[in-house]
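1. With the sequence up front, the predicted model follows.
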Amino acid sequence: MRAAAEFIARSAGIASRLLGRGGGTSLPGTVLLKLRPNAVADLAASLGGGSLTVSATNGKTTTSRLIVAGLDAAGVANVANTAGANLMGGVASTLLAARLPANNTAVGVLEVDEAALPAVVTQAQPRVITLINLFRDQLDRFGELETLLATWASMISTLDESVTLVLNADDPAVASLAAHHENVVWFGIEDRSMELEEMAHAADSTRCRICTTELVYDAVMLGHLGHWACPTNDTARPPVSVAVTGVTPRGTEALDLHLTLPTGEIHTRLQLPGLHNAYNAAAAAATLTALGVDAKAIENGLGAAQAAFGRAERLTIDGKELVLFLAKNPTGANTNVRTVLQHDGPLHVLAMLNDRTADGQDVSWIWDVDYEPLLERVAHITVAGDRAHDLALRFHYAGLDANRLTIAQDPARALDSALQQVPAGNSLFALPTYTAMLDLRAVLTQRGHTDPYWETAS
């Protein structure tokens, strides 16, 4: 029965690719789970090196990719869903397609959707669970952040103590999960050179999880992440064992990082910009440390890793650079604005907003994004996507001159219009939501500028 079910599922994936319906990143697993609901448990058990899961509101795809790069540098075989199919069907598809080495020592690196995490953990039984952050996102699907946090806490309370949690000490919500589990590796940013002057008004977890008193911050790094404590002494940011002790931004292209690990010091240039990627690198380094990977391999892996599709991905089109920064919630969008502002000279932006299921159908979050600093430097903004006019209204109220704004809902027309505004040798920064990013990449793939995302993910 198992062999027959897996044959049928693989055939569905082949048919999907042949018919041009997609890369078969989720369909085979979905079919398999219909035939064998516990298929992930069976497939994960075949991984000689066990598995790990990575989940977060922001950064799980990039962090998973960094972990894979570290394992590659250490010579550890691995199986990963780097195409971003992170629901149970995508996890099943990844494990089904795995080509295991003869010695069967492969480690499964499973990026998992926040809401799907408990079900995946129940079946996959990971050795390590990495939780990077929790921000307000897709309220129509996840509900309030508190609901998701309670679900994670319930899951963690059932874990065996042999399972290692890798937690972000700078996120008060994530840090609270250690109350349900003792085996924890903490990571965070110690270098305060890039701290914010004040907390963004869209910050989420700013109250003590025990007494609800408003937290006090010595340093705000990103959203509600930072060096925090409850003034009643109920709780505080834990000491970290994997710390980013040096961050030097290299424009919109890279970060120079210094990390302190229990096993040594790391100096590397991460080929990804933005402070959020310092957090992703720290999460990856902590996860690799929990797996027993040595510091040198971690350093080499982080330095070799390339951007995941749509996450600081860079393309050249007719002598102009296109840089894609996925932005699907207020914190992610604010971080991307902050990163784009590191670019020298006038800015050209293509902002794309969809309201499909994978984006979240409530787009009111754009009013919590601090777009205003962008407008001080922007030469032109093109807005596109299903809700382009909502973005246009947001920029109008931000004070953008109408002469510097173009509305073009269609992604192909929007790309052409935006590129036309960019002088030769300059950059266009695309800030799309998730499905808008897929729409834009479909145009780029059709025009031969990039491969399909399921191919570039490998």
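-> Structure's in. What do you need?
2. Burial check on residue 35, number of neighbours?
-> Neighbourhood size, residue 35 [other CB atoms under 10 Å]: 14. (Each C-beta comes from the backbone N, C-alpha and C, glycine too.)
3. quick one, what contacts it?
-> Residues near residue 35 by CB atoms under 8 Å, 6 or more residues apart in numbering: 5, 8-9.
4. what's the pLDDT at it?
-> Residue-level confidence at residue 35 comes out at 90, pLDDT.
5. For it, give its distance to residue 120.
-> Between residue 35 and residue 120 the distance, using CB to CB, to the nearest Å, works out to 18 Å.
6. ditto for residue 368
-> In this structure, residue 368 and residue 120 are 30 Å apart, going by CB to CB.
7. Please say which of these two ends up with more neighbours.
-> Neighbour comparison, residue 368 and residue 120: the larger count goes to residue 120, with 27 against 16 (by other CB under 10 Å).
8. close enough to count as contact, that one and residue 111?
-> No - shown here, residue 120 and residue 111 do not form a contact pair, counting by CB atoms under 8 Å, at 9.9 Å.
9. Now do the shared contacts for the two.
-> With contacts taken as CB under 8 Å, 6+ apart, residue 120 and residue 111 have residue 53 as neighbours in common.
10. can you tell me how far residue 220 sits from residue 252?
-> When distance is defined by CB to CB, residue 220 is 22 Å away from residue 252.
11. Also residue 425?
-> To residue 252, residue 425 is 15 Å away according to CB to CB.
12. Comparing the two, which residue is more hemmed in?
-> When neighbours are counted by other CB under 10 Å, residue 252 comes out ahead of the other of residue 425 and residue 252, with 22 against 8.
13. looking at this, that one is in a helix?
-> No - assessed by DSSP: H, G, I helix; E, B strand; the rest coil, residue 252 does not belong to a helix; its assignment is coil.
14. for it, what are its contacts?
-> 273, 312, 323, 339-340, 342-343, 427, 429.
15. correct me, but residue 31 touches residue 15?
-> No - at 10.2 Å, residue 31 and residue 15 do not qualify as touching, with contact defined as CB under 8 Å.
16. For the two, indicate the residue with more neighbours.
-> Shown here are residue 31 and residue 15; by other CB under 10 Å, residue 31 has more neighbours (24 against 13).
17. For the more buried one, give me its contacts.
-> Taking CB under 8 Å, 6+ apart, we find residue 31 in contact with 8-9, 12.
18. Out of the residues you listed, which is nearest to residue 179?
-> Distance from residue 179 was checked for each of the contacts of residue 31 by CB to CB. The minimum falls on residue 9, at 39.6 Å.
19. Spatially nearest residue to that closest one (excluding sequence neighbours)?
-> Beyond its immediate neighbours in the sequence, the residue positioned closest to residue 9 (CB to CB, 6 or more residues apart in numbering) is residue 32, lying 3.7 Å away.
20. Near that neighbour, how many other residues are there?
-> Around residue 32 there are 28 other residues, counting by other CB under 10 Å.
21. following the helix or strand containing it, which helix or strand shows up next?
-> With elements taken from DSSP states H and E, the one containing residue 32 is helix 27-35. Sequence order places helix 39-45 as the next helix or strand after helix 27-35, per DSSP H and E.
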